[in-house]
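Participant: Test case, fold it:
(one chain, ligands or ions: 2)
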Amino acid sequence: MSNPAAVTAGRGSITHVIFDMDGLLLDTEKFYTEVQEIILARFNKKFDWSLKAKMMGRKAIEAARIFVEESGISDSLSAEDFLVERESMLQDLFPTSELMPGASRLIKHLHVKNIPICIATGTHTRHYDLKTQRHRELFSLMHHVVRGDDPEVKQGKPAPDGFLAAARRFKDDPVDSQKVLVFEDAPSGVLAAKNAGMNVVMVPDPRLDISHQDVADQIITSLVDFKPEEWGLPPFEDSN
Ligand SMILES: O=P(O)(O)OC[C@H](O)CO
Ligand SMILES: [Mg+2]
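Facilitator: Ligands and ions are numbered 1, 2, ... in the order given. This is a model prediction of the structure:
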């Protein structure tokens, strides 16, 4: 599914690509879900996808505040204590992070074709290092990485800070936002990309409510389905 008018605005003119990381390149959103289900079960509550949709993509403390407030446990558990409680579980899970389908193929393809690529993620440096430790070679193909604890990222997604900082750091600065294509899985990330004036392809988890698909310029079910030539990027030369 796609928004034809918006797709046309960026089609044919993409020069730079910015990737989100969690849930888009790496299958790490499931770890946050698992840990948050465990914590809420302690309060006899269930973690659902409407709350998940509000948290995903955001900086840790911003997501934590949403979690304790929206689930009604803020009198018993502060956002800060929630982050401490989930940390040991996440530290065990993150090093096992696996790539999402199609991520490796797309990154390598754009790299070989000399399309400048980078990452803008809400995750902070320590977690980034844990999540990517099995994928260093692939992630080294990124021109740069902007993380949630970057000094230029004053506000997390849906604010545009991370994407604007990412665009500024390509060496052929200034980059025209309208020629940037962002890949995102999270509603907050899609909004952040649009707030930065960029084109955005959303690859949503199928459990996200369909209402979150209204903002993106294009929706695909997997990176495997992305067709670079629709955006003026070099086509894949294999037949997959
Ligand atoms: O989706 P990302 O890469 O911006 O990461 C954000 C959080 O770490 C997880 O939702
Ligand atoms: Mg994400």
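
Participant: When you work out contacts or count neighbours from here on, use the C-alpha atoms and nothing else.
Facilitator: Fine.

Participant: What residue spans form the domains of the chain?
Facilitator: 4-27+99-231, 29-96 (automatic domain parsing).

Participant: Turn those into a markdown table, including mean pLDDT, mean neighbour count and distance to ligand 2.
Facilitator: As requested, these are exported to a markdown table (pLDDT from 0 to 100; neighbours: other CA atoms under 10 Å; distance: least, CA to the ion, whole Å):
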| stretch | mean pLDDT | mean neighbour count | distance to ligand 2 |
| --- | --- | --- | --- |
| domain 4-27+99-231 | 94 | 19 | 4 |
| domain 29-96 | 97 | 16 | 5 |
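
Participant: Would you format these as a markdown table with distance to residue 238 included?
Facilitator: Shown next, in a markdown table, are the domains of the chain (distance: least, CA to CA, whole Å):
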| stretch | distance to residue 238 |
| --- | --- |
| domain 4-27+99-231 | 10 |
| domain 29-96 | 29 |
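
Participant: Same list (those domains) but as a markdown table, adding distance to ligand 1.
Facilitator: Shown next, in a markdown table, are the domains of the chain (distance: least, CA to the nearest ligand atom, whole Å):
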| stretch | distance to ligand 1 |
| --- | --- |
| domain 4-27+99-231 | 4 |
| domain 29-96 | 4 |
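
Participant: longest helix of the protein?
Facilitator: Identified as the longest helix of the chain according to DSSP state H is helix 79-93.

Participant: Going along the chain, name the strands of this protein.
Facilitator: Assigned strands in the chain, in chain order: 16-19, 117-120, 145-146, 180-184, 199-202, 218-219 (criterion: DSSP state E).
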